[in-house]
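Trainee: what's the 3D shape of this:
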Amino acid sequence: MAPKTPRLLVAMTGKASTAKAAEGDGPVFAYIASLPQPQRTLAERIDALAAKTLPGVQRAVKWGMAYYGVDGGWCFSSGAFVGHVKLMFINGTELKPEPPVAPIGMGKLTRGIEPAAVKELDERQVTSWMKQAAARPFFGGPKRKRPKPK
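Mentor: I've put the predicted structure just below:
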């Protein structure tokens with residue numbers, strides 16, 4: 001019996017896969033290894049660029065995607081979908097040039113690219129965006145007012 005090929009979600013539904021949230025290199029490597037081709041090769045290349053570009057890069061799986069960060073803040077994510085991989089920069093509107101894709105449901109400032117093959121990945125540009133994103137990592141959601149202790 002042939003091994004079962006993983007299936008990817010057709011539309012953005014809040015998660016790219018069913019991978020469980022976890023921090024560290026291992027969960028991200030397992031997530032990438034679980035992807036079908038050609039998305040796996042793209043995700044492997046993006047991960048390799050992140051490791052080469054950002055010494056000490058931090059990895060995690062969140063919302064079914066691989067997240068990359070520095071100094072405790074998140075910079076970008078990579079998730080596989082049918083026909084492409086989303087590489088999204090959390091503060092993408094601040095990058096020069098601004099990445100062309102404004103994804104639905106990922107925040108007003110998020111921008112990125114959606115390559116379908118490794119040959120579509122402009123590594124020089126992606127590396128530049130990774131460096132820029134690392135200079136302004138995202139540290140969390142909106143600040144909430146805490147009730148004063150009584």
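Trainee: what's around residue 19, how many residues?
Mentor: 22 (other Cβ atoms under 10 Å). (Each C-beta comes from the backbone N, C-alpha and C, glycine too.)
Trainee: pretty sure it is touching residue 32, no?
Mentor: No. Using Cβ atoms under 8 Å, residue 19 is not in contact with residue 32, being 9.7 Å away.
Trainee: and the average pLDDT for stretch 33-43 is what?
Mentor: The pLDDT scores in stretch 33-43 average 94.
Trainee: and for stretch 63-73?
Mentor: Stretch 63-73 comes out with an average pLDDT of 92.
Trainee: again with stretch 136-146
Mentor: Stretch 136-146 comes out at a mean pLDDT of 60.
Trainee: how far away is the residue nearest to residue 137 when sequence neighbours are not counted from residue 85?
Mentor: In space, and not counting its chain neighbours, residue 137 is closest to residue 73: 2.6 Å by Cβ to Cβ, 6 or more residues apart in numbering. Distance check for residue 73 against residue 85: by Cβ to Cβ, to the nearest Å, it reads 22 Å.
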